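Okay, sequence plus prediction incoming.
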Amino acid sequence: MSDIGQDRVALIGASGWLGRAFGPAMLRQGVVAPGHLIAANRSGAHPAYDDWPDLEWSTDPAVAAGRADIVILSVLPQDFRQMALDCRDRLVLSFMAGVSCAEIADSTGAERIVRALPNAAAGIGRSYSPWFPTPDVTARDRDIVAAILSSVGDADALPREEDLAAATILSGAGPAYAALLADALLQAARDHGLPEDIARKSVEAMICDAPAMMAGQIEGATQLVADYIDYGGTTAAALSAAQDAGFQDAVRAAVTAGIDRVNAMSRE
Ligand SMILES: NC(=O)C1=CN([C@@H]2O[C@H](COP(=O)(O)OP(=O)(O)OC[C@H]3O[C@@H](n4cnc5c(N)ncnc54)[C@H](O)[C@@H]3O)[C@@H](O)[C@H]2O)C=CC1
Ligand SMILES: O=C(O)[C@@H]1CCC=N1
């Protein structure tokens, strides 16, 4: 039996971007038994769950939450704010960006709340999901949360809730910044007249091979840039021009703007 034991889990937003990664992963790995999962969405059974034809579906989040011991909130903040959920005496695990534990407690009555920030790599089992528990969360709750989050990748507890804002903008963004860089490189390649297929293969080699060369040693990135600069070749010229044009400033502005947005959402 999994860490969840006989507890019933309501996954609110089961067919959304994150929900359809978590639900099937939890079922496939035996974190929750099919008879103990209630999948809630607006449209009923979703093809991502075709392997579990007998799964219980609900289009009423309040009913699903009411029948569960553990409630996973995988809905947009604005949709959550329209819901009337009673989660008293339940463990609530929220994936929502910018919705504080205090707001979740206020609107659901829950005291045992964990906020986690997965990312889109959950869909390939490679999410990194930092999480924060309220003081009432028990040791068993923590094991349950670790089991749920581990079903789609790696996870670590954070000591302070406010650190979730940065986590939202960094790991929470998944491949978004890499996509921005890839798009800029593709446009530059086209500007220089590279045939489209060669441009695509060149940029794919840059973006998709880099992870294999840097995995497990990301702290070496600063040294890698310095090594290229010291090498004094063509890449040095390109990297220096990017730095002079404000590359680091652009990244810092992106992270700051994102954190500001998260904090504004918390006050909306
Ligand atoms: N997509 C991502 O990479 C990340 C998302 N998040 C957070 O996770 C949460 C979910 O995000 P996504 O999966 O991307 O959203 P999504 O919009 O893809 O999925 C949300 C799901 O909730 C369902 N839903 C909305 N209102 C409902 C209602 N009244 N009753 C039943 N179901 C309802 C929708 O039908 C939809 O399937 C958001 O709060 C987001 O901030 C956090 C980290 C990363
Ligand atoms: O862009 C977003 O709002 C979602 C939530 C956290 C990360 N991605």
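Cool, the structure landed. Ligands and ions are numbered 1, 2, ... in the order given.

how much space between Ala146 and Val99?
The gap separating Ala146 from Val99 is 21 Å, by C-beta to C-beta, to the nearest Å. From N, CA and C alone the C-beta is placed, and that goes for glycine too.

before we move on, what about Pro24?
For Pro24 relative to Val99 (C-beta to C-beta), the value is 25 Å.

the more surrounded of these two?
Val99 (23 against 20; other C-beta atoms under 10 Å).

which stretch of helix or strand covers the more buried one?
For Val99, there is no host helix or strand (DSSP states H and E).

can you check the one 3 residues further on too?
Assignment of secondary structure by DSSP H and E places Ala102 within helix 101-108.

For the next helix or strand after that helix, name the packing helices and strands.
The helix or strand immediately downstream of helix 101-108 is strand 112-116, counting by DSSP H and E. Helices and strands touching strand 112-116, by 3 or more C-beta pairs under 8 Å, 6 or more residues apart in numbering; DSSP states H and E, are strand 91-94, helix 101-108, strand 127-133, helix 139-150.

Deepest-packed of those, please.
Mean neighbours per residue, mean count of other C-beta atoms under 10 Å, is largest over the helices and strands packed on strand 112-116 for strand 91-94, with a mean of 27.

How about that one and ligand 2, any contact?
No: Strand 91-94 is not in contact with ligand 2 by C-beta under 6 Å from any ligand atom; minimum separation 11.7 Å.

can you tell me which of the helices and strands packed on strand 112-116 comes nearest to Gln78?
The closest of the helices and strands packed on strand 112-116 to Gln78 is helix 101-108. By C-beta to C-beta, the value is 12.7 Å.

which other residues reach the closest one?
With C-beta atoms under 8 Å, 6 or more residues apart in numbering as the test, helix 101-108 has contacts from 65, 71, 73, 80-81, 84-88, 92, 94, 110-111, 113, 115, 132, 134, 161, 266.

Quick check: ChimeraX command selecting the buried ones in those residues.
If you want just the buried ones from these in ChimeraX, going by 16 or more other C-beta atoms under 10 Å, the selection is:
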select :65,71,73,80,85,87,92,94,110,111,113,115,132,134,161,266
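
what separates whichever residue of the chain sits closest to ligand 1 from Leu73, distance-wise?
Using C-beta to the nearest ligand atom, the single residue of the chain nearest to ligand 1 is Gly16, 1.9 Å away. Distance of Gly16 to Leu73, given as C-beta to C-beta: 11 Å.

Enumerate every residue touching Ala121.
Contacts of Ala121 (C-beta under 8 Å, 6+ apart): 127-128, 152-153, 174-175.

restrict the residues you listed to those near ligand 1?
Applying C-beta under 6 Å from any ligand atom to those, those adjacent to ligand 1 are Gly174.

quick check, nearest of the contacts of Ala121 to ligand 2?
Checking those one by one against ligand 2 (C-beta to the nearest ligand atom), the nearest turns out to be Gly174, at 7.1 Å.

State the number of residues packed around that closest one.
Counted with other C-beta under 10 Å, Gly174 comes out at 18.

give me phi/psi at it?
Main-chain torsions, Gly174, degrees, to the nearest 10: phi 50, psi -130.

related to what we said a few turns ago, for the helices and strands packed on strand 112-116, could you give me TSV that also reports mean pLDDT?
What follows is the helices and strands packed on strand 112-116, written out as TSV (pLDDT from 0 to 100):
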stretch	mean pLDDT
strand 91-94	98
helix 101-108	97
strand 127-133	98
helix 139-150	97
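
Near ligand 2, which residues of the stretch 151-268 of the chain are found?
Close to ligand 2, as judged by C-beta under 6 Å from any ligand atom, the stretch 151-268 of the chain has residues 168, 172-173.

what are the ranges of the helices in this structure?
Using DSSP state H, the helices found in the chain span residues 19-28, 61-66, 77-80, 101-108, 139-150, 163-169, 176-191, 196-214, 221-231, 234-244, 247-267.

do the first one and ligand 2 meet?
Right, helix 19-28. No: for a cut-off given as C-beta under 6 Å from any ligand atom, helix 19-28 has no contacts with ligand 2; the smallest distance is 13.1 Å.

quick one: buried residues of that helix?
Applying 16+ other C-beta under 10 Å to helix 19-28 flags 19-27 as buried.
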